[in-house]
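Student: Would you be able to build a 3D model of this:
(chains A and B)
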Amino acid sequence: MKKTVQNLLVVSNQQLNKDQALLQLKSDVPLEGILPGQFANILVNKSHNIFLRRPFSIYQVDYKSNTLYFLIKAIGEGTKCLSQSAMGDSLSVIFPLGNGYSFPQRKSKVLLVGGGVGVAALMILASELHKAGHQVEILLGARSADDLVELDVFSRYGLVHTTTEDGTLGTKGFVSAHPVFGKEFCSFDMVYTCGPEPMMKAVARLSGLSNIVCEVSLENTMACGYGVCLCCVTETTEGHKCVCTDGPVFDTKKLKWQN
Amino acid sequence: MAELSIDIAGLKLKNPVLSASGTFGYGMEFEDFYDINTLGGIVVKGTTLHPRQGNAYPRMAETPSGMLNAVGLQNKGVKYFCEQLYPKLKEYQTHILVNVSGSTVEEYISCSEQINDLEHISGIELNISCPNVKEGGMAFGTSCPAAGTVVSAVRKVYKKHLMVKLSPNVTDIAEIAKVVEGNGADSISLINTILAMAIDAESRRPVLSTVTGGLSGPAIKPVALRMVWQVANSVKVPVVGMGGIMNATDAIEFFLAGASAIQVGTANFIDPMATQHIISGINSYLDRHGFKSINEIIGCLQM
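Tutor: Below is the predicted model of the structure:
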C-alpha cells in the first residue's frame, strides 16, 4: 500500500515480559498488501528529549480487524514511553516504509535467525513464508529464557530452535553456535536474519560459506524513514544506500560489512 | 481565504511555503502523502558539480528539540540531476529551485551554468553555508570577501533567480547579507544549520563520524528569528526565513520578523504533512486577524 501518516488507536498492549510489549494498533483506512520486512515510524511526542520518531518492524498484520502489531522493547526513553501506551491512546504512525524480504520462487526450505528484539522483523515473515508453502525453521536467540517471547506463535509456522547465553533455554551460547549451522545447514535454500550486528555478520558469514543467499534487516538510526534525510546510510558495493528506502532488507553480499 | 501569493523579486509564489533543501529530496518522496504542487516551491537537495558519497555513518544525532546531521552533501552530481531528475521535476506545477554547493568558485560556476540551461528551474539557492564538508560550503559563507567572490561569480553566469543561503555561524550576519546583496543576490535565505556537537558519555566518543555537525529543529528557532530580523532590517532584497519551523505559528513569527517566505526543513522528517498544516494554518491566522493578504504581516513586528 502507499505510504501514509495516520493516527492509530491502541486497542491492546500486552506486556510479554519485563521489558517487551506487544502493541496492537487499529487503522481507520483499510490495510492492504503490507510486505514482511516493512517498518513503521512512530511518534513518541512525550518529551523534548524525544524529537524524532522511532522506527519499528511491522510485527504482524491482521487484515480482518484492520490492525497492525508491533513488538516493542523498552531500551531508551522513547521505546519505554511507547511500551507503556494505554488502550485508547492514539499514536501517529507513518507506514508502510521500506522494502520487504524476497520470497523464493519455488518451494524452499528456509531458516529465519533472530536475536534479541530482531525477532520483531521475523514473525510476519515466518507466517507469510509458511502460508506460501515453504518449509520454515526458526532459530531465536536471547540472553535468557525470559527474553524469548511468542515461541508458541512462531511454532505455528515452523520448527523453532532456541539458544540462550545463560543456558536457561535451548542450546547454551550465541545463535551461531547452534547445531542448525552444522552439516545439515546446506539443506537450506535461503536464510533471513535480524538482530544485533555481530550476530547478523556471523549468520551472513556462515551462509556465505555454504553459498546460501542471506537477507538481513538493518536498523540504522534515521530521522525520516522515507529517504529524504539521508542519515541512515549503510555502505554497500554500490556506495551509500539508505536503510529506510533501499532497505531495510539487504542481500548480505551487497553489504560492505560482509567482507 | 486570505491572499497567500507573494512576489519575491519576480519569483511569483502561490503561497510563501517552500520545502527546505536536504529535507525534501526531489519532491517525489512525498507523492504518496500529498500533492506537492500545493507548495509555493521546492528547494531540491544540495547539488554539486561532481557526485558526492557524503560522510560516513553515523551522520545523525537526536538532541533536545532538534537533531544534528552530517550528511555531507551526498548527491549524484549536476550531470545526473540534469539528465535523470530534471525530466521528472519539470512536470511539477510549482517553482523548483536547486540548491547549489561547491568546493571551489569554479565548481559553483560550472554547476550553476548547467542549471541555467534548464527552462523549468526557477532559480538556484546558492549554498555558502553547509557546515558538513571539509572544503567550500561554509567557508564561503563565513567571510565577507569569500561570500562576495562566489556570489558575484555565479551572478555573472546565472540569469534567473539567485537566492543565497546564509550560515548562522558568523559574528555579524547583517554584514554578510549586505555583501551578498551587493554582489547581485535576488533574495537571501537563512538560516542553515548551526555548527554543533553531540557526545556519547557511555562510550566517551563523539556521536557523529565527523565529530561536529549541523543543528536543526525547534532548538534553533529563536536564533533563526533573531538573524532573520537582523537581515531583513539590513537589506532591501526579500528574505526567506527558516530554522525550526514546525507549525503555522512558527511561520507567522518569521513573517513578522521580516521574512517574505519561509522554508520548512526538519519538520518534514517528523511529519510528512507539515507543509500542508502550515499552509492552512497561515490562512486561518490571517482570517482570524482580519488580514486580506500575507503581505500585510511581513516585517510588521510591533515594537
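Student: quick one: which helix or strand includes the residue sitting furthest away from the middle of chain B?
Tutor: What lies farthest from the middle of chain B is B:Glu202; by CA atoms, centre = their mean that is 34.9 Å. When secondary structure is defined using DSSP states H and E, no element contains B:Glu202, which sits outside every helix and strand.
Student: Please see if stretch A:194-204 touches chain B.
Tutor: No: Stretch A:194-204 is not in contact with chain B by CB under 8 Å from any CB of the partner chain; minimum separation 12.0 Å. To be clear about C-beta, it is placed using only N, CA and C from the backbone, and glycine gets the same treatment.
Student: can you list the residues that contact that stretch?
Tutor: A:57, A:113-122, A:141, A:174-176, A:191, A:193, A:214, A:216-217, A:219, A:252, A:255, A:257-258 (CB atoms under 8 Å, 6 or more residues apart in numbering or on different chains).
Student: Buried subset of the residues you listed as a PyMOL selection?
Tutor: The buried residues among the contacts of stretch A:194-204 can be selected in PyMOL (16 or more other CB atoms under 10 Å in any protein chain shown) with this line:
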select buried, chain A and resi 57+113+114+115+116+117+118+119+120+121+122+141+174+175+176+191+193+214+216+217+219+252+255+258
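Student: ok, B:Ala259 - contacts?
Tutor: Taking CB under 8 Å, 6+ apart, we find B:Ala259 in contact with B:Pro16, B:Val228, B:Ala232, B:Val239, B:Val240, B:Gly241, B:Ile298.
Student: try it again with 6 Å
Tutor: Going by CB atoms under 6 Å, 6 or more residues apart in numbering or on different chains, B:Ala259 touches B:Val228, B:Val239, B:Gly241.
Student: Give me the below-cutoff pLDDT ranges for the stretch 151-259 of chain A.
Tutor: For the stretch 151-259 of chain A, applying pLDDT under 70 flags the ranges A:258-259.
Student: okay, residue 88: pLDDT?
Tutor: Using chain A here. If you check A:Gly88, the pLDDT there is 95.
Student: hm, I was asking about chain B
Tutor: 96.
Student: The one 4 residues further on too?
Tutor: The confidence metric pLDDT takes the value 97 at B:Tyr92.
Student: which one is it nearest to, not counting chain neighbours?
Tutor: The shortest distance from B:Tyr92 to any non-neighbouring residue, by CB to CB, 6 or more residues apart in numbering or on different chains, is to B:Asn37 (6.0 Å).
Student: returning to what we had before: from the contacts of B:Ala259, which ones fall inside helices?
Tutor: Mapping these onto helices (DSSP state H) picks out B:Val228.
Student: And the contacts of B:Ala259, which is closest to A:Leu43?
Tutor: The closest of the contacts of B:Ala259 to A:Leu43 turns out to be B:Gly241 (CB to CB; 25.5 Å).
Student: since we're on the residue of the stretch 51-200 of chain A at minimum distance from chain B, how many residues are nearby?
Tutor: The nearest approach of the stretch 51-200 of chain A to chain B comes at A:Leu52, 5.1 Å away (CB to the nearest CB). Number of residues near A:Leu52 (other CB atoms under 10 Å in any protein chain shown) recorded here: 25.
Student: Quick check: it vs B:Gly25, distance?
Tutor: A:Leu52 sits 17 Å away from B:Gly25, taking CB to CB, to the nearest Å as the criterion.
Student: same thing with B:Ile297?
Tutor: 31 Å.
Student: So which of the contacts of B:Ala259 is the closest to chain A?
Tutor: Nearest to chain A among those is B:Gly241, at 20.8 Å by CB to the nearest CB.
Student: Run the chain-centre distance for the helix or strand of chain B with the lowest mean pLDDT.
Tutor: Lowest by mean pLDDT, DSSP states H and E among the helices and strands of chain B is helix B:138-141, with a mean of 84. Distance, stretch centre to chain centre, for helix B:138-141: 15 Å (CA atoms, centre = their mean, to the nearest Å).
Student: Name the surrounding residues that touch that helix.
Tutor: B:Ile128, B:Ser129, B:Cys130, B:Pro131, B:Ala146, B:Ala147, B:Val150, B:Leu166, B:Ser167.
Student: Try it again at 7 Å.
Tutor: In this structure, residues lying in contact with helix B:138-141 by CB atoms under 7 Å, 6 or more residues apart in numbering or on different chains are B:Ile128, B:Ser129, B:Cys130, B:Pro131, B:Ala146, B:Ala147, B:Val150, B:Leu166, B:Ser167, B:Asn169, B:Ile176.
Student: Dump it to PDB, restricted to CA.
Tutor: Extracted C-alpha coordinates of helix B:138-141, given in PDB (Å, rounded to 0.1, in the frame of the first residue of the first chain):
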ATOM      1  CA  MET B 138      30.500  27.300   4.900                       C
ATOM      2  CA  ALA B 139      34.000  28.600   4.200                       C
ATOM      3  CA  PHE B 140      32.400  30.800   1.600                       C
ATOM      4  CA  GLY B 141      29.600  31.900   3.900                       C
END
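Student: helix or strand for whichever residue of the stretch 151-300 of chain B sits closest to chain A, which one?
Tutor: Per CB to the nearest CB, B:Phe269 is where the stretch 151-300 of chain B lies closest to chain A, at 4.1 Å. Element membership for B:Phe269, per DSSP H and E: helix B:267-270.
Student: And the next helix-or-strand element following that helix, how far out from the chain middle?
Tutor: Proceeding N to C from helix B:267-270, the next assigned helix or strand is helix B:274-288, under DSSP H and E. In terms of CA atoms, centre = their mean, the centre of helix B:274-288 is set 20 Å apart from its chain centre.
Student: contacting residues around helix B:274-288?
Tutor: Helix B:274-288 has contacts (CB under 7 Å, 6+ apart) with B:1-2, B:4, B:15, B:17, B:19, B:34, B:38-39, B:246-248, B:251-252, B:264, B:267-268, B:294.
Student: What mean pLDDT does the helix holding B:Phe269 get?
Tutor: 98.
Student: B:Ile297 and B:Gly25: who's more crowded?
Tutor: Using other CB under 10 Å as the criterion, B:Ile297 and B:Gly25 rank with B:Gly25 on top: 22 against 17.
Student: OK, contacts around the more buried one?
Tutor: Going by CB under 7 Å, 6+ apart, B:Gly25 touches A:Gly227, A:Val228, B:Lys45.
Student: Drop anything exposed from the residues you listed.
Tutor: Judged by 16+ other CB under 10 Å, buried ones among the contacts of B:Gly25: A:Gly227, A:Val228, B:Lys45.
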